[in-house]
Every structure is written in structure tokens, then in C-alpha cells.
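1. no sequence on this one, just coordinates:
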């Protein structure tokens, strides 16, 4: 039974993963090379505990470290949550392969970078123990973790990762090819939403209202392929014949995104993205999301 985990990176995801594992009784080493981020991590994790009603005692099972080798040398599973930069991840996993026992599983929380690219420079034995473990934000509330099998990831590694994640209360899904599924689905919707706004067909508020007040209401209990079965495959095919030629199939980000960035409209942090935000409305939206996730996951 896996009982010790090292988390690499004390950012938003790393802190959340560390909190999750510790809250489920695991001993956690949280490695962060930058002093400011490492020193702030404990308070951020305590804030997470407060927000979701978890006991603060889980923090006692987390050791905060700036020494990579000391952090990973005796754990069963390493979960990397470093920035999404391929060169950084490749260098990090090369180091992890050298300083961890051959029995230690090496997981990456990358949301888009293929596992096989991250493990590209490793020998077969080390690449066999590299697996994608893509948590969703916030990791202590969203049940899903995508367990992604790289080209050289062993099935034993996948199965061990799935067992660990179930111990942490997650719902892991085995992705048998080296790709992320959730983000492909999510960003297909985002691409169409952005394209509709850019075309002038509808404004941002209208798009978000359409999603939240129609099919978005059904998604927790009726997913797309279930819905296809419900309405029938023949009707699904007929609708696709009409709709597909009209869908956006851009291979590059819509130009409206760069126009927004050039004008300083970077999202909530700047007060303006597709919507206008004040500090109060941004905080209220984050709090609403937390309350919603607590409710739908049965935490309240």
C-alpha cells in the first residue's frame, strides 16, 4: 500500500495535491525550490482546508523542502506539478530517474504535454515508470484524475497509480493513448464559444448563458455519448450532417484572444476579459464555484 508521496512544485496545483494526499492519511514531501513559494505553501494549504471544511491536522503530515533528493529519495510515488515547460519537465524527470529507487512511480500532472515527450530521454526501464496523473483544479474537490499511459509506460505503473488515486478518494480514468481527454473536450467547446463571439453572432454573456441554462444543466447526469444514445444514433448523425460544416475548425487560437491581450484584457486579474470583473465579483465567483463543487461532490 502506497503511503508516502512527494509533490514537486508548491503552486496552485501542487499545494492542492499535497493537501489532498495528506488529508487521506498519506505522508507528503512538498518540494519547492523557491523560498518565497515554499514559505507561503503552508498558509495556502491551511486556507484550502478552511475553505472546504477539512481539519487543519493534515498539514502535520506535510514536510516542506527545498532539497529535491531528500524529498523524493524514500517515497513510493512522485507527482510533478511544475510549470508547463517541456524542457523543464524533461530535465526534472531525468534527475528524478537518477535519484529515486527503481520502484518509485514518477507521475506528471501535465495538462497538455505528452507523457512520451517528457520521458523521451529516459531509458526504457525509467520510462516504464512515468505516467500522467492529470488532476483538475481544484484537485481536492474535482473527483476526476486522468491516468495517461505513455508509449513506454508499463501497465503495472498505470494500475499502481490508479490504486493510489482511489486511496485518495479520486475517480481515476485510464487513458490508453498518450493524450489528454478532458482538455480536448473542454477546449473544443471553448474554441466554438470564442468563435461565436468573434463572429458577432452573440456576446460573451449570451454564450455563457446558453451553456449554463441548457445542456450544461444535463451534463452531470447525461454526458454527450449517453445523450447520443438517448436521442438515437440516427438523429445524432443527421444533426452532425447539418451542424458540422458550420463549426469552427481553426488550428490556431482565434485572433480575438491576441487582440484582448494587446489591450490589457487578460481576465479576472486585470478586471476585464470576456466579462468585466471587480475584485468583489471575482471573489464571489470563486466562492460560488467552491460551494457548488462541495455540493455536487457531497461534501456539504
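-> Now that the structure is in, tell me what you want to look at. Small disclaimer: the values here were computed from a predicted structure and weren't measured.
2. for the stretch 201-300 of the chain, just list every one of the helices.
-> Under the criterion DSSP state H, counting those that start in this stretch, helices of the stretch 201-300 of the chain are mapped to 204-213, 215-218, 224-231, 233-243, 255-262, 279-296.
3. just put those helices in TSV and tack on mean pLDDT.
-> Shown next, in TSV, are these (pLDDT from 0 to 100):
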stretch	mean pLDDT
helix 204-213	98
helix 215-218	96
helix 224-231	97
helix 233-243	97
helix 255-262	98
helix 279-296	94
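4. can you put the ones you listed in JSON lines and add mean neighbour count and distance to residue 130?
-> To be clear about C-beta, it is placed using only N, CA and C from the backbone, and glycine gets the same treatment. Shown next, in JSON lines, are the helices of the stretch 201-300 of the chain (neighbours: other C-beta atoms under 10 Å; distance: least, C-beta to C-beta, whole Å):
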{"stretch": "helix 204-213", "mean neighbour count": "13", "distance to residue 130": "36"}
{"stretch": "helix 215-218", "mean neighbour count": "12", "distance to residue 130": "35"}
{"stretch": "helix 224-231", "mean neighbour count": "12", "distance to residue 130": "30"}
{"stretch": "helix 233-243", "mean neighbour count": "10", "distance to residue 130": "37"}
{"stretch": "helix 255-262", "mean neighbour count": "13", "distance to residue 130": "32"}
{"stretch": "helix 279-296", "mean neighbour count": "13", "distance to residue 130": "30"}
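5. distance to residue 108 added to the ones you listed, as TSV?
-> Below are the helices of the stretch 201-300 of the chain laid out as TSV (distance: least, C-beta to C-beta, whole Å):
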stretch	distance to residue 108
helix 204-213	30
helix 215-218	30
helix 224-231	27
helix 233-243	35
helix 255-262	26
helix 279-296	24
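6. now do the contacts for residue 109.
-> 13, 14, 17, 79, 80, 81, 132, 133, 134, 135 (C-beta atoms under 8 Å, 6 or more residues apart in numbering).
7. of all the helices of the stretch 201-300 of the chain, which one is nearest residue 124?
-> Closest approach to residue 124 among the helices of the stretch 201-300 of the chain is made by helix 224-231 (35.5 Å; C-beta to C-beta).
8. tell me which strands and helices the closest one is in contact with?
-> In terms of contacts (3 or more C-beta pairs under 8 Å, 6 or more residues apart in numbering; DSSP states H and E), helix 224-231 is packed against no helix or strand at all.
9. let me know the average pLDDT across stretch 138-146.
-> Stretch 138-146 shows a mean pLDDT of 95.
10. okay, how far is it across that stretch, tip to tip?
-> 14 Å (C-alpha to C-alpha, to the nearest Å).
11. center of this structure, which residue is that?
-> Central residue of the chain (C-alpha atoms, centre = their mean): residue 136, 3.1 Å from the mean position.
12. gap between residue 281 and residue 287?
-> Using C-beta to C-beta, to the nearest Å, residue 281 is found at 11 Å from residue 287.
13. before we move on, what about residue 83?
-> According to C-beta to C-beta, residue 83 and residue 287 sit 27 Å apart.
14. at which residues are the strands of the stretch 1-150 of the chain located?
-> 4-8, 27-31, 62-65, 77-80, 105-108, 130-135, 144-148 (DSSP state E, counting those that start in this stretch).
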